[in-house]
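Enquirer: this is a predicted model, with the sequence first.
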Amino acid sequence: MRPRTSILFFVLFGLTTALSAQNKIVVFQSDFGLKDGAVSAMKGVAMSVSSDLKLYDLTHEIPAYNIWEAAYRLEQTVPYWPAGTVFVSVVDPGVGTDRKSVVVKTKTGHFIVTPDNGTLTLIASSLGIAERREINESVNRRNGSQKSYTFHGRDVYAFTAAKLASGTISYEQVGDLLANDVVKIPYQKAVKEGNILKGNISILDIQYGNVWTNIPSELVQEIGLKFGQNLSVRIYRKGIKVWEGLAPYSETFGAVARGKALSYLNSLMQLSFALNMDSFAKLYHIGSGNEWSVTVQVAEKK
Amino acid sequence: MRPRTSILFFVLFGLTTALSAQNKIVVFQSDFGLKDGAVSAMKGVAMSVSSDLKLYDLTHEIPAYNIWEAAYRLEQTVPYWPAGTVFVSVVDPGVGTDRKSVVVKTKTGHFIVTPDNGTLTLIASSLGIAERREINESVNRRNGSQKSYTFHGRDVYAFTAAKLASGTISYEQVGDLLANDVVKIPYQKAVKEGNILKGNISILDIQYGNVWTNIPSELVQEIGLKFGQNLSVRIYRKGIKVWEGLAPYSETFGAVARGKALSYLNSLMQLSFALNMDSFAKLYHIGSGNEWSVTVQVAEKK
Amino acid sequence: MRPRTSILFFVLFGLTTALSAQNKIVVFQSDFGLKDGAVSAMKGVAMSVSSDLKLYDLTHEIPAYNIWEAAYRLEQTVPYWPAGTVFVSVVDPGVGTDRKSVVVKTKTGHFIVTPDNGTLTLIASSLGIAERREINESVNRRNGSQKSYTFHGRDVYAFTAAKLASGTISYEQVGDLLANDVVKIPYQKAVKEGNILKGNISILDIQYGNVWTNIPSELVQEIGLKFGQNLSVRIYRKGIKVWEGLAPYSETFGAVARGKALSYLNSLMQLSFALNMDSFAKLYHIGSGNEWSVTVQVAEKK
């Protein structure tokens, strides 16, 4: 190793260590809803570990068992929290199966405590995973919880997150290091193939029924799409075509007649589809998640 | 008093004092929902008492005036918070009547501020009540709130909880000691009578429509129920039979045909009823609470 | 200036300064709902400014784009939080237009960070505005947020609120002082004209469908209304009559027959209308907000 490389190594190492120093903040996400006591029980366990912690929520309204949406919400919000924040994400259809309970450290110095079931799919691409450790449940588990039924969100995930966030344990004490490849849900990445763009329907803008893809504005520019031009759109579920039509690329929804389809860039600068004054998703039965994909191309003039 | 008894007394007394030292945490529960400003006003009053407090929520989605469910959610979560935590529970159909406003200390060192209207029914059985005091509203009431309409949740309960949690007042300063018998809602406790188990429908697992009783696995074992055996179930509201049928005792929902009833142990290890791929509660119009009871016994072979 | 006046001036000045010292509390309101990550991203940005802040919520269930309701919820809750608390209210149908982004200081020493689009209408009347400053977005904007699409709630409002609440900037450093006249939504103030009271429908008590006006009990007394007397009520939307009828002034809902209208004083001591055991708002299609007004007078005996 040459001297300059080793200096760089230590600078980066120090930076990473500083970035990932825990900051006593824990942020919770789940599909539990807020009508019962499950979220409160998790927070109670965290407060029992250390009442110095600051506990916040991402959302608890993830649709039941929807790992994709859990992955999407993490990607949408984790970067805005300070490095060192510990996230707990519990959307866990596989409880009782052999999915691993892990804590990952991202390359940005955030920690995520979760069943490794695909929840980390999008964060792994955008922020990158620095390390993955399997929770050693023989030590990182609420006292007394061995006796009966285990509620993993409360007894293992919230408990481990609180110990980590409060500095009661180091990241290394979470458990053994695993290979650095989190479980990923396959989905259509945004790509350009010839004149065609392919992508995934990441999420619905539920309140308005708009359909958001993962195709960034840069790719839209590459096919030369201009405002006013027709975009030819095909939407697929599990590879089977669900909708096909024209959606003029528009700056405002009013650029098309009431009830007509249009395409536009949403607030994340990604290609999206809408109906003027109506719900695209509801009218055409469009959903979101890894099963949903789209292809688009500039429509030929007749 | 013999020496050993008095030593034990002081050890226990010291332990209780330590357990119940307030810890600056206040946890709120109500039937107010989160659409208006009522919950925020309560928290604002608490922060005005001391901005060192840490304010959390149990739930604010208790169905309107449903004291039973308030009682159930407290029992479900209080034990997971550290001793010394102060809970505020405001489900108060009797505001304006002569129900007492109290603060109880449980035998586990938790405090609960609430109208004494049945909300403490289940906690009294599971954790036990160490002391009950009536809030002296002449001193424990938000300044200026005497002038007009009183919102008790904000002006008395949140205010008193904040003063107690912050150590501004001691538990004794809440008000006079009352007899140690909180108001209890009558309900069918889980019992074995001959070959029959009786119990209460504590709660519905709303998302799936499953019916949860208070009958523990220990009692289920005592009648010798084995997986695969038929359980004969009768469900009553106010003593009138609402449903009767067979529910095979199952390890998995798929053990019965689609739409068929089964019995199983839920995550709290209590006897529960479900339909495979359908909602037992919705199909058979089953509710939960003190009015609902069940009897079960192993079905005789034909 | 006479000596006594100048002493008074300095006493008041000192008081105002003390009142408005920031207290590290930030309270968020929006129409974002809690199903996605928008609220969490705002809180993450605030925590990135200072993890000493205490972040709470007013509500995030304001109906989409309903500025009136945002104004009402602020008026309902701000006074209960300690002086120095910083509120962030993001209900912003005019994003992208020329509405100003401001921070006001109320005469009670509370700060409100918001688009100045009418959200401050009611607070301006009840608490009074001491100062209004326009956010200088060239300095008070999240680092890196200039590059792409700006989410104002997160990148400007939450960021500026966190800097102010934490004392990282003074109120003066928010930006330039503006004239002290916030944007106000016109609405019918509560007045007595001869024997008639006029007022606005401030809000619906949604859960029960009751209709709440801004007419205070004092005005009701001035027209000499007594329990049991008939009140003649007219309800208008944009000046067009929507409902007209008699609503006996009642102490209890049961004072009228099931399904019949009544008038009463609500918990804020303001004149309200209800149906006994039914929803007045739903049955007669009544809404709330600045477009809705009422006139009432004691009905003449036949």
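Expert: Noted; the coordinates are in hand.
Enquirer: what's the spacing between A:Met47 and chain B?
Expert: 6 Å (C-beta to the nearest C-beta, to the nearest Å). For the C-beta atoms, the positions are set from N, CA and C on the backbone; glycine is no exception.
Enquirer: which residues of the stretch 201-302 of chain A score low on pLDDT?
Expert: For the stretch 201-302 of chain A, residues meeting the criterion pLDDT under 70 lie at A:302.
Enquirer: go again using 80 as the cut-off
Expert: In the predicted model, the stretch 201-302 of chain A carries pLDDT under 80 at residues A:207, A:301-302.
Enquirer: just the helices in it please.
Expert: A:217-222, A:280-284 (DSSP state H, counting those that start in this stretch).
Enquirer: got the residues of the stretch 1-150 of chain A near chain B?
Expert: A:33-37, A:40-45, A:47-48, A:51, A:54-55, A:64, A:148-149 (C-beta under 8 Å from any C-beta of the partner chain).
Enquirer: what parts of the stretch 151-300 of chain A come near chain B?
Expert: Going by C-beta under 8 Å from any C-beta, the residues of the stretch 151-300 of chain A near chain B are A:151, A:154.
Enquirer: A:Gly209 is nearest to which of the helices of the stretch 201-302 of chain A?
Expert: With C-beta to C-beta as the criterion, A:Gly209 lies closest to helix A:280-284 of the helices of the stretch 201-302 of chain A, at 4.3 Å.
Enquirer: what about A:Val90, neighbour count?
Expert: 27 (other C-beta atoms under 10 Å in any protein chain shown).
Enquirer: if you look at the residues of the stretch 1-150 of chain A next to chain B, which of them are in helices?
Expert: Residues from those lying in helices, with DSSP state H as the criterion: A:40-45, A:47-48.
Enquirer: I'd like the helices of the stretch 201-302 of chain A laid out as TSV, including mean neighbour count and distance to B:Ala70.
Expert: Putting the helices of the stretch 201-302 of chain A into TSV (neighbours: other C-beta atoms under 10 Å in any protein chain shown; distance: least, C-beta to C-beta, whole Å) gives the following:
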stretch	mean neighbour count	distance to B:Ala70
helix A:217-222	15	50
helix A:280-284	17	36
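Enquirer: want to try TSV for these, with distance to chain C as columns?
Expert: Compiled in TSV, the helices of the stretch 201-302 of chain A are given as follows (distance: least, C-beta to the nearest C-beta, whole Å):
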stretch	distance to chain C
helix A:217-222	9
helix A:280-284	14
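Enquirer: got JSON lines for those, with distance to C:Gln76 too?
Expert: Output for the helices of the stretch 201-302 of chain A, formatted as JSON lines (distance: least, C-beta to C-beta, whole Å):
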{"stretch": "helix A:217-222", "distance to C:Gln76": "41"}
{"stretch": "helix A:280-284", "distance to C:Gln76": "34"}
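Enquirer: domain assignment for chain A?
Expert: Domains of chain A are assigned by automatic domain parsing as A:3-178, A:191-298.
Enquirer: out of these, which comes closest to B:Gly224?
Expert: Using C-beta to C-beta, the domains of chain A put domain A:3-178 closest to B:Gly224, at 21.1 Å.
Enquirer: report the distance from that closest one to the chain centre.
Expert: 13 Å (C-alpha atoms, centre = their mean, to the nearest Å).
Enquirer: interface residues of the stretch 1-150 of chain A facing chain C?
Expert: A:23-25, A:27, A:34, A:54, A:56-61, A:73, A:76-78, A:80-82, A:85.
Enquirer: closest one to chain B out of the ones in helices among the residues of the stretch 1-150 of chain A next to chain B, please.
Expert: Nearest to chain B, judged by C-beta to the nearest C-beta, of these is A:Gly44 at 3.6 Å.
Enquirer: the residue in the stretch 101-250 of chain A that chain C sits nearest to: what's it in contact with?
Expert: Nearest residue of the stretch 101-250 of chain A to chain C, counting by C-beta to the nearest C-beta: A:Gln207, 6.3 Å away. Neighbouring residues of A:Gln207 by C-beta atoms under 8 Å, 6 or more residues apart in numbering or on different chains: C:33, C:64.
Enquirer: switch the cut-off to 7 Å
Expert: Neighbour list for A:Gln207: C:Ala64 [criterion: C-beta atoms under 7 Å, 6 or more residues apart in numbering or on different chains].
Enquirer: how about A:Asp278?
Expert: Neighbour list for A:Asp278: A:Gly259 [criterion: C-beta under 7 Å, 6+ apart].
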